[in-house]
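> Let me see the structure of the following:
(chains A and B)
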There are 2 protein chains.
Amino acid sequence: MLSKNRLKLIRQLSQKKFRQEKNLFVAEGEKVVHELLDSGWRANQIYTTDPLKNIPHTLVDQSELKKISNLSSVSSIIGVFHLPKYEFSYVNKGLSVALDSIADPGNLGTIIRLCDWFGIKNLFCSPNTVDCFNPKVVQSTMGSIARVQCHYVELLTLIDKCETKVYAATLDGSSLYKESFPTDGLLLMGSESHGINNELLAEIENRITIPTHSGGRGPESLNVASATAILLGEIFRSRAI
Amino acid sequence: MLSKNRLKLIRQLSQKKFRQEKNLFVAEGEKVVHELLDSGWRANQIYTTDPLKNIPHTLVDQSELKKISNLSSVSSIIGVFHLPKYEFSYVNKGLSVALDSIADPGNLGTIIRLCDWFGIKNLFCSPNTVDCFNPKVVQSTMGSIARVQCHYVELLTLIDKCETKVYAATLDGSSLYKESFPTDGLLLMGSESHGINNELLAEIENRITIPTHSGGRGPESLNVASATAILLGEIFRSRAI
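Model prediction:
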């Protein structure tokens, strides 16, 4: 059974300020909850309609789950987890991705999955990027949130301290296909509508662009998750061959 | 002013059966509506809060637009357009994309935009793929629906009649980076959860896969729109250099 207090708490956790105050977040759906548990994330409480083996949980019925669900089709399990404490370094080996002002939860979730696919461990986000523990982001990562660490930092500081080559995805750069990407690097993406902040851009020499083939009649830009997918596909090309 | 009858009609158009019966669909938001108008699509009626020059329209107030909007944040313009009559050929020059059983409107919309970016004119969809004139799809194409033709066809017939090389994106194919893609071709994508239908797969020799770098600990698959982005980025690589 779900007490009134727990119900209130879980609903509050859809807001960032309460997640930070309580140090908790909510994950929903079998895939996400089990990936978090399997990756050793600490659960505060698991609510499920089906008993779980070897995992402490509270049995609830479907109507109770519906009250705390953020999804249109309610799943059979919801977990309240402790927020992780990530340690991070501005100086990273391998490839990292940085996001400037990404507001859409679905885009952030998709980019977290892409990072996971390409084995990227660190994703840096500007402080105004949507919180990665927003329930919609957690959901759309399909479990990848368990493996990719999102660090909310001032990107100017990151670029300043970063010792690797930094690439900015813009609409006026050189073709990404002409670049040979080093093993260590930082790829900076901006939002589709606003691009990368000018103050940041001024600090970056290497600007890369995905060539369009629409003959000038197509879209002016690509969705940031699509652009990230294409860029990572190309950056990891030489590592796969 | 919006009459009761028009209000009812516009609401009905969120359903495929009414779109087909009335031969109309709804597009919302300045960008989409203007891209359709600029591309010569025939409007049945335009509802707007701001007068338009040289375009017949009906002035409405924000509260009326809200009643017919499918979006959470209502835009200032909604257009009712006639469905297009596309002629198509199973035999296509250049690259085409085919989608098997894609249910998510956002994924279809993103793929239509990607096609537009890469100058792909024809997108073939299995009959059970979400309708491209679903309001959520139209919205998420951000206007690209005006330039990419979606044809709903039996994909087995398409593959049978298609004279170009056909590539299927699967999880067990050869690395996409090792393939040299010809100028003419068909790329077949399946849904993330179900992949490509076995009957279709049996007809296709060339299976390609996006290599993962997660060391076996990452996601089992990529979202279909992300996968399409990476594949198109690689296919168009040689044409851009």
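> hey, let's count contacts and neighbours off CA atoms from now on
Fine.
> which SS state does the residue nearest to the spatial centre of chain A fall under?
Compute the mean C-alpha point of chain A, and by CA atoms, centre = their mean the closest residue is residue A:112, 3.7 Å away. Secondary structure, DSSP: H, G, I helix; E, B strand; the rest coil: residue A:112 is helix.
> Pull up the gap between it and residue A:151, please.
12 Å (CA to CA, to the nearest Å).
> And for residue A:201, the neighbour number?
18 (other CA atoms under 10 Å in any protein chain shown).
> Need the nearest residue in space to it, chain neighbours excluded.
residue A:168 (7.3 Å; CA to CA, 6 or more residues apart in numbering or on different chains).
> Show me whatever sits in contact with both of residue A:112 and residue A:151.
Common neighbours of residue A:112 and residue A:151, using CA atoms under 8 Å, 6 or more residues apart in numbering or on different chains, are residue A:123.
> check which helix or strand covers the residue nearest to residue A:201.
Following DSSP states H and E, one finds residue A:168 within strand A:165-175.
> which residues are contacting that strand?
In this structure, residues lying in contact with strand A:165-175 by CA under 8 Å, 6+ apart are A:159, A:182, A:184-190, A:195-196, A:201, A:204-211, A:221.
> Stretch A:132-149 too?
A:14-16, A:25-29, A:31-33, A:35-36, A:39, A:41, A:70, A:86, A:105-106, A:108-110, A:112-113, A:115-116, A:120-123, A:131, A:150, B:218-219.
> How about the residues of chain A by chain B?
For chain A, the residues in contact with chain B (CA under 8 Å from any CA of the partner chain) are A:110, A:113-114, A:116-120, A:143-144, A:147, A:177-178, A:211-215, A:218-219, A:222-223, A:225-227, A:229-234, A:237, A:240-241.
> Mind doing that once more with 6 Å?
A:116-119, A:212-214, A:218, A:226, A:229-230, A:233 (CA under 6 Å from any CA of the partner chain).
> Go through the lowest-mean-pLDDT helix or strand in chain A and flag the buried ones.
Across the helices and strands of chain A, mean confidence by mean pLDDT, DSSP states H and E is lowest for helix A:237-240: a mean of 80. Buried positions in helix A:237-240, judged by neighbour count with 16 or more other CA atoms under 10 Å in any protein chain shown: residue A:237.
> Just the CA atoms from it would do, formatted as CSV, please.
Output in CSV follows, covering the C-alpha atoms of helix A:237-240 (Å, rounded to 0.1, in the frame of the first residue of the first chain):
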residue,chain,number,x,y,z
ARG,A,237,33.9,5.3,-37.8
SER,A,238,37.7,5.1,-37.7
ARG,A,239,37.5,3.2,-34.4
ALA,A,240,35.2,0.6,-35.8
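> Would you map the helices across chain A?
A:4-12, A:16-22, A:30-38, A:62-68, A:105-117, A:135-140, A:155-161, A:198-201, A:224-235, A:237-240 (DSSP state H).
> Single out the most deeply packed of these.
Mean neighbours per residue, mean count of other CA atoms under 10 Å in any protein chain shown, is largest over these for helix A:105-117, with a mean of 26.
> So what touches it?
Helix A:105-117 is contacted by residues A:136-137, A:140-141, A:144, A:225, B:212, B:214, B:218 when judged by CA atoms under 6 Å, 6 or more residues apart in numbering or on different chains.
> want to try a markdown table for these, with pLDDT and distance to residue B:97 as columns?
Converted to a markdown table, the contacts of helix A:105-117 look like this (pLDDT from 0 to 100; distance: CA to CA, whole Å):
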| residue | pLDDT | distance to residue B:97 |
| --- | --- | --- |
| A:136 | 93 | 29 |
| A:137 | 96 | 29 |
| A:140 | 92 | 25 |
| A:141 | 95 | 26 |
| A:144 | 96 | 28 |
| A:225 | 97 | 19 |
| B:212 | 94 | 23 |
| B:214 | 89 | 28 |
| B:218 | 87 | 27 |
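> Give me the phi and psi for the spatially closest residue to residue A:215 that is not a sequence neighbour.
Nearest residue to residue A:215, sequence neighbours excluded (CA to CA, 6+ apart): residue B:119, at 7.3 Å. For residue B:119, the backbone dihedrals (degrees, to the nearest 10) come out as phi 70, psi 20.
> Contact partners for residue A:98?
Contacts of residue A:98 by CA under 6 Å, 6+ apart are A:123-125, A:188.
> For it, name its beta-bridge partners.
residue A:124, residue A:188 (DSSP bridges).
> Pop the domain breakdown of chain A in here.
Here the domain parsing of chain A from automatic domain parsing is A:4-82, A:95-240.
> Figure out which of the ones you listed is closest to residue B:64.
domain A:4-82 (26.2 Å; CA to CA).
> so how far is that closest one from its chain's centroid?
19 Å (CA atoms, centre = their mean, to the nearest Å).
> Run through chain A and note the low-pLDDT ranges.
A:240-241 (pLDDT under 70).
> Tell me which residue lies farthest from the centre of it.
Centroid-distance maximum for chain A: residue A:215 at 33.0 Å, with CA atoms, centre = their mean.
> Could you dump the domains of chain A into a markdown table with distance to residue B:164 added?
Converted to a markdown table, the domains of chain A look like this (distance: least, CA to CA, whole Å):
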| stretch | distance to residue B:164 |
| --- | --- |
| domain A:4-82 | 39 |
| domain A:95-240 | 20 |
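> and the contacts of helix A:105-117, which two are the farthest apart?
A:136 and B:212, at 24.7 Å, using CA to CA across the contacts of helix A:105-117.
> can you list the residues of chain A next to chain B in TSV and add distance to residue B:60?
Converted to TSV, the residues of chain A next to chain B look like this (distance: CA to CA, whole Å):
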residue	distance to residue B:60
A:116	47
A:117	48
A:118	49
A:119	51
A:212	38
A:213	39
A:214	35
A:218	31
A:226	36
A:229	41
A:230	42
A:233	46
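> Show me which of those is closest to residue B:21.
Closest to residue B:21, out of all of those and judged by CA to CA, is residue A:218, at 30.5 Å.
> neighbours of the spatially closest residue to residue A:158 that is not a sequence neighbour, just the number please.
Counting by CA to CA, 6+ apart, residue A:90 is the residue found nearest to residue A:158 once chain neighbours are left out, at 5.9 Å. Neighbour count for residue A:90, taken as other CA under 10 Å: 14.
> And residue A:90, how far from residue A:151?
Distance of residue A:90 to residue A:151, given as CA to CA: 10 Å.
> cool, and residue A:195?
Where residue A:151 is concerned, residue A:195 sits at a distance of 20 Å (CA to CA).
> And residue A:124, by the same measure?
Remark: distance between residue A:124 and residue A:151 (CA to CA) = 5 Å.
> More neighbours: these two, which one.
Set residue A:124 next to residue A:151 and count neighbours by other CA under 10 Å: residue A:124 wins out with 24 against 19.
> Leaving out chain neighbours, which residue sits closest to residue A:74?
residue A:66 (6.0 Å).
> likewise residue A:214?
Computed as CA to CA, 6+ apart, the closest residue to residue A:214 that is not its neighbour in sequence is residue B:119, at 4.1 Å.
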